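1. got a sequence here, can you model it:
(chains A and B)
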There are 2 protein chains.
Amino acid sequence: MAIQFTDADQVAVNTIRTLAADVVAKANSGHPGAPMGMAPVAHVLFSKFLNFNPKDSKWANRDRFVLSNGHACALQYIILHLAGYKVSMDDLKNFRQIDSNTPGHPENHHTDGIEVTTGPLGQGISNAVGLAIAQAHMGATFNKDGFPIFTNKTYCFLGDGCLQEGVSSEASSLAGHLQLGNLIAIYDDNKITIDGSTDVSFTEDVEARYRSYGWEVIHVTSGDADLTAIAGAIAEARDNNTKPTMIVLRTTIGYGSLKEGGHDVHGSPLKADDIKQLKVKFGFDPEKTFVVPEEVYDLYHKAGAAGAQKEAEWKQNLDAYKGKYATEHSEIIRRFEGRLPEGWEKHLPTFKAGDAAVASRKLSENVLNAIAPHIPELVGGSADLTGSNLTRWKGAVDFQPPSTGLGDYAGRYFRFGVREHGMTAVCNGIAAYGGLIPFGATFLNFVSYAAGAVRLTALSNLRVLNIATHDSIGLGEDGPTHQPVETAAWLRATPNMMFWRPADGNETSAAYAVALTSAETPSTLALSRQNLPQLEGSTLEKASKGGYVLQEAENADITLVSTGSEVCIVVDAAKQLREQGLKVRISSLPCFEVFNQQSKEYRLSVLPNGAPIMSVEAYSTFGWNEYAHETFGLKGWGASGPYLKVYEKFDLTPNGVASRAAKVVEFYKKRGDKVWSPVDKAIDYDTMLSTAH
Amino acid sequence: MAIQFTDADQVAVNTIRTLAADVVAKANSGHPGAPMGMAPVAHVLFSKFLNFNPKDSKWANRDRFVLSNGHACALQYIILHLAGYKVSMDDLKNFRQIDSNTPGHPENHHTDGIEVTTGPLGQGISNAVGLAIAQAHMGATFNKDGFPIFTNKTYCFLGDGCLQEGVSSEASSLAGHLQLGNLIAIYDDNKITIDGSTDVSFTEDVEARYRSYGWEVIHVTSGDADLTAIAGAIAEARDNNTKPTMIVLRTTIGYGSLKEGGHDVHGSPLKADDIKQLKVKFGFDPEKTFVVPEEVYDLYHKAGAAGAQKEAEWKQNLDAYKGKYATEHSEIIRRFEGRLPEGWEKHLPTFKAGDAAVASRKLSENVLNAIAPHIPELVGGSADLTGSNLTRWKGAVDFQPPSTGLGDYAGRYFRFGVREHGMTAVCNGIAAYGGLIPFGATFLNFVSYAAGAVRLTALSNLRVLNIATHDSIGLGEDGPTHQPVETAAWLRATPNMMFWRPADGNETSAAYAVALTSAETPSTLALSRQNLPQLEGSTLEKASKGGYVLQEAENADITLVSTGSEVCIVVDAAKQLREQGLKVRISSLPCFEVFNQQSKEYRLSVLPNGAPIMSVEAYSTFGWNEYAHETFGLKGWGASGPYLKVYEKFDLTPNGVASRAAKVVEFYKKRGDKVWSPVDKAIDYDTMLSTAH
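-> As a prediction, the model looks like this:
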């Protein structure tokens, strides 16, 4: 049955448009064009289609809405306000102001009703693919005959910018392959980008491109005004369960403005006169601002009430499900609370010195094999490097459309393809859905390809794991094009990102232990291709502090501090130095971020005053002076060759370390002054944190 | 006229296949599958089509060849060897060994005949778009009636991996828009990736996708054997000058191996038995390795000789051109020698204290306006942020297909679209062509989207400028999604990348001066959205050292060191501190990379012993301890609001700096010991450089 629209609907659309102009004008900053152009489709979607309960914005089976063109967030905030989420009229008036509820681009952990953080273009649509994957997986895992527990759709608005970004190409191709019939993208085809007409750079046939990915494409040519046509397209897309659908919606950017249809309305407030004529045109008082007619609130509150009713029915059904499927029910509850299963950590492997040397990528595989059966919410895959990343645990089933015969939607292992950026953005969406802990895997060097999404994982407080193998020049023959040198510095400098570089089995287990129990922090695990010995002095507990003393010495001449595959080199160097009569301490620092969270007292016990501290790592030394007086590592790129030869080339050997350490000891002895640890600072890390948050 | 193939051609193809197996087996590392599968097309292209002179691999009008699936480089090295480039049989035997001429993936500055560095997937095809743009531009600029000086084609091999990467989508869409008829991509459609069949993740219709971008697509279904069909397709593609062409070539990965057609032959050497049967199959002695029949060398040397003849004719024509177009001729010579025009630097703006405060993005625009008329090889554009990046200089003409009416191929300004990664990879290709200095512009935060290409700019020693505006929390209302915090650390940790963050007009001019005269080093210029005062004490010359003393003080209590928009905050903080009776020095450090190249003596004069050094920067403090004892900056994300309010929120104000500085002075006075500069090290930066290269 076709939806009947009334005058109130048109008033609602006009209200959104005038409010958008007011919101941006009051902030004197922001983007009025897209909100005004997309007001009709936003109204139709939220008031007639979207299943949501503004009073319980975390309802597990709500439809997900993603604003991939996040600069249009005035639109989203307005809709959330109208619908009764915790976005007040004052919040709208404080758009883009410090500490307001309505920042310049939508942030998931900041504003009620925002599913994912958007603004950086192309991310939202890729997150939407992840949200759709998550629904398909949860449905396949938990739904039973008569109990459609997870049935929600994912709707995503996006613009020309999102479509130009490569990350959306990657994720959209994957979505087509996966036949995600629960995904509906609505493309704001307004022919305008910041540089002007799309004619200057974007003349591809978007529709043909999306069809080539395996999407259905529907057109609405009258997106500015024809609410019935918009509703028809959405209904058709919603009911197509075999493919993702893109609705190509022709709109006029800044519709109603004197400058509609041009790029001037994209990213700057409308002039006061323009806003006045706009209000007159739409039947509003030109002298009043922030006006919402009562009928509009009524309309939206009705939609919200209908959603609340749907949630109530869903909950009733879930109760019945509980009676019949008690185990599954408690699993759903546990998983949406973000709690790991009791006792999972007992399955983490531990090691003692003398156990066989193993590559940390292989140690990671052992962890996955050990814990995957006990943490069913752990899902993940590789960007086409499964056999190298060693991420497919025993008995894993691929997440694939059942029709392919290659797996099913209950499968927990993803074949992401050679799509690192898309993979990470998809993982962000999966994590944002709830009930799942996703990982993505590639070589550490290619985590950089995903940098745009990685920073959003961290900014969005999402528990996503990047499993990053082949983590240094130790990968050997593939050479400098594949050897990360600068990558660790980037990830260590990223707030709320735990970059782990474990040195052995216990440290690898510690990395997983902390990563999986950190519900609001993503982790990157840098893992070696080459074998690493199990170290004397390492334990899971000690490594879980991010840094610890591996070998203690009283009245030490020097502390050597290192990570990952270089720790064993340092251990051998220390032996040489001791033969020369020097007293050497060794500290291992697998995760700076976690180490920084320890007390100053603890940090000083690991990196104490009294002797010089020298770091050793097969990366750029950049950043190490936070912990060490002297740094030894790479100042340039790596090299292609068998890995031991590569280490030799750069003198990163026990000899090379020992000779530098001896020089360091001599230098500071000659200087004669007391040596203060770099950790012993006037402006302490803890203080910094408090000023910066 | 169709090309006639002889038995010698088949022998050549078989030689390439057996050599590929030998090369990878001897290295016990590498990728035999694609070289064996693509041997026929490589042979046809190089022996019948490509215009090249192995004795002058830098001939300006040579056809460019790019191996986007760089892991197949055994193929490229073999062809270069056969053709007579400086790649010897010994080099082939040293494949993937330390310091060999034949590293694990192709590196442009390493091996004769390699145009661009590839291996990281998707980069090569995007570089190829840049190479094609460069040819179109040089042709439109310099060709005259009867003088077709720049007419070369760009050929690119690529595989499934390249096509899955978003960067190739971005660049390919742009190539279609630009109607680059000089670009021919040959897709190795072998249906295999590392994870197995492309069925597991890559089922899109590639042909339809490329048609949607505006490419022509040609099929060759018998790519394993039908040399005539391959030649026909290449001829057709070469002669289509209105659109880029993709040849979809069905091949069998590892053709001839017992494991042909499967992913086992992708990335591991063939077994000894397999190689033997392969040789028998192809008529080679199974007991011999590295065999090249004389007729194969003959065939390739003939092709090389034909190329040499073409170059000779081209040079003759260029001499005639010189007679008629002396100015243009000398321009061509100058530009391909990489020399800037005499006196260009006189046009760089300089400033004195008291001149108006100006945003550094605007200062950058002034530089571009001043120098663009005098450096005709400077070309560039923005990823759809022209009006924000301020990169379109006065009188610029857009690089566009003439038929669009929007510009022409002689235009120097690019409309890259919202495609940061593609933009940077395209700039790499433009720079690699020669005769051009490209820049790409976006917000600093979105340089991260291009990280995969940025590291290759640096690794490839290419003079590319990243103009990166809106460089901090100072961008204000757009909020944390757009405010880089971690980005500077990444770029500073990247070898051979100059990250400039100028504090005023003189420093902005210095950044351009050093960037443009550094022929083998790329630069990123981080520029403010907000106005910055012209500083007392800054000069272009001083800033060109990467760091200098802005304000000196004898017996100082503290040195404050800062960059960019925070230097003026530090200047105000210093005033406060002096009022409290403290003696304060200020150093400005706009570029770490350049500062590190100065003598230790100079560096110690900027950051001397004797008093604590405190850094101030509105970024993650990560890395600053290389220069400062104490660091003040951000430990978390930014915030959305008017920029001065954002600075206030994080206490990055004169007050906030002064109060911390006072605390630092007190802390070190109380400690009582002599304060040693972090620059005064046992392991000096210069030493490190020598060990690491």
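
2. A:Thr102 - that's part of a helix, no?
-> No - inclusion of A:Thr102 in a helix is not indicated when DSSP: H, G, I helix; E, B strand; the rest coil is applied; the result is coil.

3. where's it relative to A:Ala34, distance?
-> Using CB to CB, to the nearest Å, A:Thr102 is found at 16 Å from A:Ala34. (Each C-beta comes from the backbone N, C-alpha and C, glycine too.)

4. and A:Asn466, that's in a helix?
-> No - checked against three-state DSSP, A:Asn466 lies outside a helix; its state is strand.

5. show me the contacts for it.
-> A:Asn466 makes contacts with A:Thr424, A:Phe439, A:Gly440, A:Ala441, A:Thr442, A:Val447, A:Ala450, A:Val454, A:Pro522, A:Ser523, A:Thr524, A:Leu525, as judged by CB atoms under 8 Å, 6 or more residues apart in numbering or on different chains.

6. hmm, 10 Å instead?
-> A:380, A:420, A:423-424, A:427, A:439-442, A:444, A:447, A:450, A:453-454, A:457, A:491, A:497, A:499-500, A:515, A:522-526 (CB atoms under 10 Å, 6 or more residues apart in numbering or on different chains).

7. ok, the residue in chain A that chain B sits nearest to - contacts?
-> Closest to chain B within chain A is A:Gly166: 2.1 Å, counting by CB to the nearest CB. Listed by CB under 10 Å, 6+ apart, the contact set of A:Gly166 reads A:122, A:419, A:421-422, A:449, A:452, B:122, B:126, B:165-173, B:418-422, B:449-450, B:452.

8. of those, select the buried ones using a PyMOL command.
-> Restricted to buried positions by 16 or more other CB atoms under 10 Å in any protein chain shown, the PyMOL selection for these reads:
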select buried, (chain A and resi 122+419+421+422+449+452) or (chain B and resi 122+126+165+166+167+168+169+170+171+172+173+418+419+420+421+422+449+450+452)
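
9. narrow the contacts of A:Gly166 to those in helices?
-> A:421-422, A:452, B:126, B:166-173, B:420-422, B:452 (DSSP state H).

10. got the residue ranges for the helices in the stretch 351-500 of chain A?
-> Secondary structure of the stretch 351-500 of chain A (DSSP state H, counting those that start in this stretch): helices at A:360-371, A:386-389, A:420-433, A:444-447, A:451-459, A:487-493.

11. from what I can see A:Thr404 touches A:Gly214, true?
-> No - the criterion here is CB atoms under 10 Å, and A:Thr404 misses it with A:Gly214 at 11.8 Å.

12. higher neighbour count, those two?
-> A:Gly214 (21 against 15; other CB atoms under 10 Å in any protein chain shown).

13. hang on, isn't that one packed against A:Met246?
-> No - counting by CB under 10 Å, A:Gly214 does not reach A:Met246; the two are 11.1 Å apart.

14. what sits in contact with each of those two?
-> A:Ser172, A:Ala175.

15. returning to what we had before: which pair in the ones in helices among the contacts of A:Gly166 has the greatest spatial separation?
-> The most widely separated members of the ones in helices among the contacts of A:Gly166, counting by CB to CB, are A:Gly452 and B:Ser172 (19.2 Å).

16. what's around the nearest residue to A:Leu406 once chain neighbours are set aside, how many residues?
-> Among residues not flanking A:Leu406 along the chain, A:Gln400 sits closest, at 4.2 Å (CB to CB, 6 or more residues apart in numbering or on different chains). Neighbours of A:Gln400 under the rule other CB under 10 Å: 22.

17. hmm, back to that, list residues touching both of A:Thr404 and A:Gly214?
-> Taking CB under 10 Å, 6+ apart as the criterion, A:Thr404 and A:Gly214 both touch A:His177, A:Leu178, A:Gln179, B:Thr203.

18. name the element the third one belongs to?
-> This means A:Gln179. A:Gln179 belongs to no helix or strand when elements are defined using DSSP states H and E.

19. related to what we said a few turns ago, quick one: which of the shared contacts of A:Thr404 and A:Gly214 is most hemmed in?
-> A:Leu178 (26 neighbours).

20. in contact with the closest residue to that one other than its chain neighbours, which residues?
-> Leaving aside its sequence neighbours, A:Leu178 sits nearest to A:Pro401 (CB to CB, 6+ apart; 6.1 Å). Counting by CB under 10 Å, 6+ apart, A:Pro401 touches A:Ala136, A:His177, A:Leu178, A:Gln179, A:Leu180, A:Gly181, A:Thr242, A:Gly407, A:Asp408, A:Tyr409, B:Thr203.

21. which one among the ones in helices among the contacts of A:Gly166 gets closest to B:Leu634?
-> For the ones in helices among the contacts of A:Gly166, the closest approach to B:Leu634 (CB to CB) belongs to A:Gly452, at 19.5 Å.

22. pretty sure the closest one contacts B:Phe443?
-> No - contact criterion CB under 10 Å: A:Gly452 and B:Phe443 do not qualify, at 11.7 Å.

23. just to revisit the earlier point, give me the subset of the contacts of A:Asn466 that also touch chain B.
-> A:Glu420, A:Val447, A:Ala450, A:Ala453, A:Val454, A:Leu491, A:Met497 (CB under 10 Å from any CB of the partner chain).
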